[in-house]
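1. sequence isn't available, so here's the structure alone:
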């Protein structure tokens, strides 16, 4: 019996026993490691491009004029949008042929996978000869596609002017997207967006979107920046039933927002209405109107998103204004 105990003690103290224990402990971790990981991926500067107004000022450049080489070099150094190209970022990444397209895997694990697909999609009014493939990011779980997000395109229109979508994906699965391009006034940046992967719902989730006029903090906060060119009359001139294409949607929104604020303040003074009533109403309205923007292959996808957002907001503000005016009439 003593000899048996001695052997057991020797086994416990041996390197073989310790190695077996470590193998048992770390085996789950080994199998949960990614099978393939090519992150971060894309153009990293995009992550820091949320200050759209400042970037646009740095990128003003009249392409119709003649400039010296020194002028061009200074512009290229100053403007962070110069020389963005997604054409070479797909190199050295594992590609798998499928029936109709190539999957470019950025990340694979036993839990989920991320892959890109290049698609040749024709867009009206753009020269397809100069058009690069549209790139779509897919989220895959258990062999099934659960969500997708368009992250890149490059389109060339008249006079060589461009409209582009570019992206960056970091190690923590943050996805950053910008909509930018070139026109006669220089390089321009219209939109900056931040997404993350929601692992509970298995989908791409928008966190924040910014333009030079508005900011959307998902899921319930729309901020429209005041601008010096705001004209109160432009809000009044829009159609009563719906936003006309001639209307300036941010001005319309700002007009009705100010009217509701002003009348709510009067209602608070004349009744027992809570001082927090307007912020709560605004949050509820934003939550109802803000939807998830998934950029697709239609060139007009970004602007209509804001058009329908403002339409929803303005209609909600109109209804609230009517309600408050009725309440004030009773007092």
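-> Structure's in. What do you need? Note that the coordinates shown come from a computational prediction; the quantities given were computed from them, not determined experimentally. Numbers count the residues shown, from 1 in each chain.
2. point to the residue nearest the middle of the protein.
-> Centrality entry for the chain: nearest residue to the mean C-alpha point is residue 193, 2.9 Å, by Cα atoms, centre = their mean.
3. just checking, that one touches residue 205?
-> No. Assessed by Cβ atoms under 8 Å, residue 193 is found out of contact with residue 205, at 11.5 Å. All C-beta atoms are positioned from the backbone trio N, CA, C, and that covers glycine.
4. what is the least confident helix or strand in the protein?
-> Counting by mean pLDDT, DSSP states H and E, the chain has its least confident helix or strand at helix 15-32, which shows a mean of 44.
5. following it in sequence, what is the next regular element?
-> Beyond helix 15-32 on the C-terminal side, the first helix or strand identified by DSSP states H and E is strand 36-37.
6. which strands border that next one, and is each parallel or antiparallel?
-> The sheet places strand 36-37 alongside strand 102-108 (antiparallel), with pairing taken from DSSP bridges.
7. which residues touch residue 190?
-> By Cβ atoms under 8 Å, 6 or more residues apart in numbering, residue 190 lies in contact with 52, 179, 180, 181, 211, 212, 302.
8. same question for the helix or strand that it is a member of: list its buried residues.
-> Mapping residue 190 onto the secondary structure by DSSP H and E places it in strand 186-198. Of the residues in strand 186-198, those with enough neighbours to count as buried (16 or more other Cβ atoms under 10 Å) are 186, 187, 188, 189, 190, 191, 192, 193, 194, 195, 197.
9. residues in contact with the third one?
-> So that's residue 188. Neighbouring residues of residue 188 by Cβ under 8 Å, 6+ apart: 56, 59, 81, 180, 181, 182.
10. ok, now with 10 Å
-> Under the criterion of Cβ atoms under 10 Å, 6 or more residues apart in numbering, the contact partners of residue 188 comprise 52, 55-56, 59-60, 81, 161-163, 179-182, 212.
11. among those residues, who's most crowded?
-> In terms of neighbour count, residue 180 stands highest of the contacts of residue 188 at 24 neighbours, by other Cβ atoms under 10 Å.
12. give me the three-state assignment for that residue.
-> Following DSSP: H, G, I helix; E, B strand; the rest coil, the label given to residue 180 is strand.
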